[in-house]
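[1] Sharing a model that was predicted from the sequence below.
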There are 4 protein chains.
Amino acid sequence: MPKSEEPPKVTGARAAAAESKRRQILDGAVRVFARQGFHGCRVSDIADEAGVAYGLVYHYFETKNEILDTLFLERWDILLALIAEIDSREIAAREKLYEISAFIIESYRHDPDLMKVIIVEVTREANSFGRTHLAKISDAYDGIAAIVARGQSSGEFRTDVTAQFAALAFYGVIEQALTGWIFDLLPGGDSEYEQAKHFVVATICDGLHA
Amino acid sequence: MPKSEEPPKVTGARAAAAESKRRQILDGAVRVFARQGFHGCRVSDIADEAGVAYGLVYHYFETKNEILDTLFLERWDILLALIAEIDSREIAAREKLYEISAFIIESYRHDPDLMKVIIVEVTREANSFGRTHLAKISDAYDGIAAIVARGQSSGEFRTDVTAQFAALAFYGVIEQALTGWIFDLLPGGDSEYEQAKHFVVATICDGLHA
Amino acid sequence: MPKSEEPPKVTGARAAAAESKRRQILDGAVRVFARQGFHGCRVSDIADEAGVAYGLVYHYFETKNEILDTLFLERWDILLALIAEIDSREIAAREKLYEISAFIIESYRHDPDLMKVIIVEVTREANSFGRTHLAKISDAYDGIAAIVARGQSSGEFRTDVTAQFAALAFYGVIEQALTGWIFDLLPGGDSEYEQAKHFVVATICDGLHA
Amino acid sequence: MPKSEEPPKVTGARAAAAESKRRQILDGAVRVFARQGFHGCRVSDIADEAGVAYGLVYHYFETKNEILDTLFLERWDILLALIAEIDSREIAAREKLYEISAFIIESYRHDPDLMKVIIVEVTREANSFGRTHLAKISDAYDGIAAIVARGQSSGEFRTDVTAQFAALAFYGVIEQALTGWIFDLLPGGDSEYEQAKHFVVATICDGLHA
DNA sequence: TATGAATGAGTTTTCATTCAT
DNA sequence: AATGAATGAAAACTCATTCAT
């Protein structure tokens, strides 16, 4: 799924250029964070990678941390919106889960650096820093749990495992698959990604038993 | 499961005292890393928490990072040994997975700080630092995959989902449960832990379908 | 001989100011190194003496050591250029040696701190650090040796003492005179400096014999 | 010239062993100082090189600096005694200077590490630390100056160059030769050492002129 | 004497952030 | 908006020295 291209605000060439610098910085930051980690890079590395002047980073962002926050929120809000949209469709819960799985895996295929940053850096940061991210992550869990709960109500899913735990398990499987690709513990590639979308659902919905 | 208490080597009071200081430092580090994060604490915080002089930390460990490494390896090696031992038992694959799930969750109940550090801090370090940790993590995946593969051979498990992916999914579910408890996204407590041990296996082996 | 005053490059106030801060740091470092020794001072002493912020030192120089290197090379390159220039003149070898002796002693009169740093600190660093300085020092020896060799070819100098050794002896006498002044083992003062210029040549060229 | 072996104090085996440990430490320190420089080594390096326990170094020496002092003074006092002894002989001043030159160069041949330490580390240390060493160095200058002065009185040496300056020049030539060998700027070897003893006197007494 | 664990002050370097232009 | 020099707090790491045994 392509990056959600915000409609180019029609505010003249100047503003467009400015917006593009801001975008450059975010894009540079993704590459640098993915390569060196949030703590392993300097603000000047971001500026260099983005091809902008050092000081400009601070024109667009208050702190280094805000850059990470922005990257996370941009992407995560898309995910949250998608979960909500999918849940509103008239399809089986299993199908809904497949769509979410597919979306996240496609996101990784499309921009592995960004997903790496979100998974590796943001979660850990949540430990030391604000709870903002945790609330957002919780929102995703809740959205998925809502899908599961609806599946339970309709009789599609068993009810002894709580919807909350099921949601968390579902997300855990996907995140671990991404982690595997990120750290080269799992072979990556287009066919593997395609297969994984199905494996996630097969494992979580059908179980491993024969 | 209690920390593998090495038999108190009878090597005189001096050596014993020395070993205890080293232990104190490791124990202090766990608490500090859990509370403030690896990057959020200073070496002096570790020394203070451990009740030893600053310099002593560097007498026992080359770098701050080596402390984290040591904590991770101590515990992870126990996990690896356990996985191997469980796989050698004459029980169903499903039972084996339950034992592993139970062990990890018990580890968290017994020493949540340590598990928090391993899950939250080590993975991030794996990104920037050496691949040592990754190799160890990979070993765990492999051990679990071996169990699944044996289950597939015996006809207990389906074979369309690869053993490798199944192992990763299984571990992903457990890790996400721990993450949930760590960040208070999931209610914790003795009965929840007990329930979760079963949920993990129910989800992965039986699936969510009704 | 005055410090080679580079013509103030007309590059705008900003660049000029920047260059002047860098110069301030170097000048402060000379005073501090001379007073307390390279190892006896902190980088903050340099910053304080130069009247700049601590961090600015690291904006202009990678390490404390690079400051020392810069001071040495700036001056030594002037010496090397001078030796080459003097050798090209159409004067007696003895005159050439006098000019070099005079230049070095004048350098000391003009900026005793800098010469002290070069003689006292750089040599020691040459031991532990890179061979860069040694190569430069060797260049000076070679330049002087070339002058002596030409003197030998013309019949002005005896040939049983090698030019190489003679060069080294000549430089050794000068350096020891400076060392004497630096450590107050030899009375200093304008007339003493003037006298020493002649003594160096008298000793090396004519010998002590009656 | 062999290291002045102090007569083995007849105080029993224990004291002898103790003395030997102290000697071991000094000998180890010479090697370490020569290799890494005074500031570039740790006290533990000295202990390791000497093959003694860390703490023992502090049993025999108050500070790290005292070790350097001891090494310098041991050797320098021998030099001072020798200068005095030579001056009392009934030989030409030129012969006396030859003997001193020969002694110092032999000292270097016999124990280059020790001479390297004295020349490279002690003189520089004189800058930051006490004036003790300077007084001793001054004593050597004075001793040599006395020889020159006597040579001037007897009509052997010219009088326009002061005895003080001549002494300093003489020592400067020798020190620079040693520096050349130490830093590989001058080819070393037995025949070169032998030749240098003569070159020093030829240069200083006879001069370079044809 | 001999050992090596224990202490903690000291120092370089890093780097996020600010600011003048 | 854009630049990059300037600031200074922060922290890891070093290592001489002390001390208990």
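    Everything's here; your move.

[2] just so I have it, where are all the helices in chain A?
    A:12-36, A:43-50, A:54-60, A:64-87, A:93-110, A:112-116, A:123-128, A:132-153, A:163-182, A:190-201 (DSSP state H).

[3] got CSV for those, with distance to DNA strand F too?
    In this view, the C-beta of every residue, glycine as well, is placed from N, C-alpha and C. Shown next, in CSV, are the helices of chain A (distance: least, C-beta to the nearest atom of the strand, whole Å):
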stretch, distance to DNA strand F
helix A:12-36, 4
helix A:43-50, 8
helix A:54-60, 2
helix A:64-87, 13
helix A:93-110, 27
helix A:112-116, 22
helix A:123-128, 11
helix A:132-153, 21
helix A:163-182, 25
helix A:190-201, 37
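
[4] does chain B sit close to the helix or strand of chain A at the bottom of the mean pLDDT ranking?
    Least confident helix or strand, chain A: helix A:123-128 with a mean of 74, by mean pLDDT, DSSP states H and E. Yes: judged by C-beta under 8 Å from any C-beta of the partner chain, helix A:123-128 comes into contact with chain B at A:123, A:124, A:126, A:127, A:128.

[5] Just the buried residues from those, in ChimeraX please.
    In ChimeraX, a selection of the buried entries from these looks like this (16 or more other C-beta atoms under 10 Å in any protein chain shown):
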select /A:123,124,126,127
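
[6] Out of the residues of helix A:123-128 next to chain B, flag the one nearest to residue A:174.
    residue A:123 (13.5 Å; C-beta to C-beta).

[7] For chain A, give me the ranges with low pLDDT.
    A:1-18, A:128-130 (pLDDT under 70).

[8] so who does residue A:158 touch?
    A:152, B:206, B:208, B:209, B:210 (C-beta atoms under 8 Å, 6 or more residues apart in numbering or on different chains).

[9] 6 Å instead, please
    Residues counted as contacts of residue A:158 (C-beta atoms under 6 Å, 6 or more residues apart in numbering or on different chains) are residue B:210.

[10] what's the burial count for residue A:146?
    16 (other C-beta atoms under 10 Å in any protein chain shown).

[11] Check the one 10 residues further on too.
    The local packing of residue A:156 (other C-beta under 10 Å) involves 16 other residues.

[12] Return the residues in contact with it.
    With C-beta under 6 Å, 6+ apart, residue A:156 has these contacts: residue A:93.

[13] now with 7 Å?
    Shown in contact with residue A:156 (C-beta atoms under 7 Å, 6 or more residues apart in numbering or on different chains): A:92, A:93, A:94, B:210.

[14] DNA strand E contacts on chain A?
    Applying C-beta under 7 Å from any atom of the strand, one finds that chain A approaches DNA strand E through A:41, A:42, A:43, A:44, A:54, A:55, A:58, A:62, A:63, A:64, A:65.

[15] which of these are buried?
    Buried among the residues of chain A next to DNA strand E by 16+ other C-beta under 10 Å: A:41, A:43, A:64.

[16] now residue A:136: how far from residue D:67?
    Distance check for residue A:136 against residue D:67: by C-beta to C-beta, to the nearest Å, it reads 62 Å.

[17] which of those two has more neighbours?
    Using other C-beta under 10 Å, the more surrounded residue of residue A:136 and residue D:67 is residue D:67, with 23 against 17.

[18] can I assume the more buried one is in contact with residue D:29?
    Yes: Residue D:67 lies in contact with residue D:29 (C-beta atoms under 7 Å); the separation is 4.9 Å.

[19] The nearest residue to residue A:207 once chain neighbours are set aside: how many residues sit nearby?
    Distances taken as C-beta to C-beta, 6 or more residues apart in numbering or on different chains place residue B:207 nearest to residue A:207, at 2.8 Å, with adjacent residues excluded. Residues lying near residue B:207 (other C-beta under 10 Å) number 21.

[20] Would you confirm that residue B:207 contacts residue A:206?
    Yes: with contact defined as C-beta under 7 Å, residue B:207 reaches residue A:206; the gap is 4.3 Å.

[21] Run the chain-centre distance for stretch A:48-57.
    25 Å (C-alpha atoms, centre = their mean, to the nearest Å).

[22] ok, residue A:109 - contacts?
    Contacts of residue A:109 (C-beta under 7 Å, 6+ apart): residue A:193.

[23] gap between it and residue A:124?
    24 Å.

[24] how many other residues sit next to the closest residue to residue A:150 other than its chain neighbours?
    Nearest non-adjacent residue to residue A:150, counting by C-beta to C-beta, 6+ apart: residue A:93, 6.2 Å away. The tally of other residues near residue A:93 (other C-beta under 10 Å) stands at 21.
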